[in-house]
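A.B. asks: Next come a sequence and a model predicted from it.
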Amino acid sequence: MQDKSLQIVSYEQAQKLKKLGFEWEVQHYYDLTFGLFNYEGKPNHNFNDNTATISAPTIALALKWFRDERGIPNGISVIDNGEYALFLSEYIENYVSSDDSIDDEGNDVNTKVVCLDMPDVTYEECESALLDKLIELEMNKEKEQ
């Protein structure tokens, strides 16, 4: 039977999200000593306000945080052959490219494909790869400032 729950970010992703300022309330958290915990049955909480815990959002919620709080549209699409493609908006053109929104052939290039060739991966693995890319881009951006 397939797992029907949403995938939780990895410990490494959670650490980086905390550094980037993720403060949304979540149900799961990593205890720095004992690992992942579920705060089930209790109100969601921001666990990043404590030095001994790290909030562990679902990957879907972390991607939404990038859209809502960081202003970076992102998503996943299925391409013709059934493989997944990750997309980041031209909003982050300074990370990806400095092309105008229309290329020489008249194609709209507002959306950039981050990775296209990911055969034999699940949707969830593709979501995690997208989150990793967003984290990398934002951490690099902060280093430059």
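C.D. replies: Cool, the structure landed.
A.B. asks: Now for the nearest residue to His28 once chain neighbours are set aside: which residues touch it?
C.D. replies: If the residues on either side of it in the chain are set aside, His28 comes closest to Ala56, at 4.1 Å by Cβ to Cβ, 6 or more residues apart in numbering. Yep, even glycine has a C-beta here, placed from its N, CA and C like the rest. Contacts for Ala56 (Cβ atoms under 8 Å, 6 or more residues apart in numbering) come out as Ile8, Val9, Tyr11, Ala14, Val26, His28, Tyr29, Tyr30, Leu36, Phe47.
A.B. asks: And Leu32, by the same measure?
C.D. replies: Ala52, Thr53, Ile54.
A.B. asks: now do Pro57
C.D. replies: Ile8, Val9, Ala14, Leu17, Phe22, Trp24, Val26, His28, Trp65.
A.B. asks: Now the third one: which helix or strand?
C.D. replies: So the one you mean is Ala14. helix 11-20 (DSSP states H and E).
A.B. asks: who does the next helix or strand after that helix pair up with?
C.D. replies: As assigned by DSSP H and E, the chain's next helix or strand after helix 11-20 is strand 28-31. Partners of strand 28-31 in the sheet, by DSSP bridges, are strand 35-38 (antiparallel), strand 53-55 (antiparallel).
A.B. asks: Of all those strands, which one is nearest Pro73?
C.D. replies: Each of these has some distance to Pro73 by Cβ to Cβ; the shortest is strand 53-55, at 22.8 Å.
A.B. asks: Most tightly packed of the strands paired with strand 28-31?
C.D. replies: strand 53-55 (a mean of 23; mean count of other Cβ atoms under 10 Å).
A.B. asks: And the contacts of that strand?
C.D. replies: 11, 14-15, 17-18, 22-24, 26, 28-32, 46-48.
A.B. asks: do that again at 10 Å, thanks
C.D. replies: Outside strand 53-55, the residues that touch it by Cβ atoms under 10 Å, 6 or more residues apart in numbering are 9, 11, 13-19, 22-33, 36-37, 39, 44-49, 61-62.
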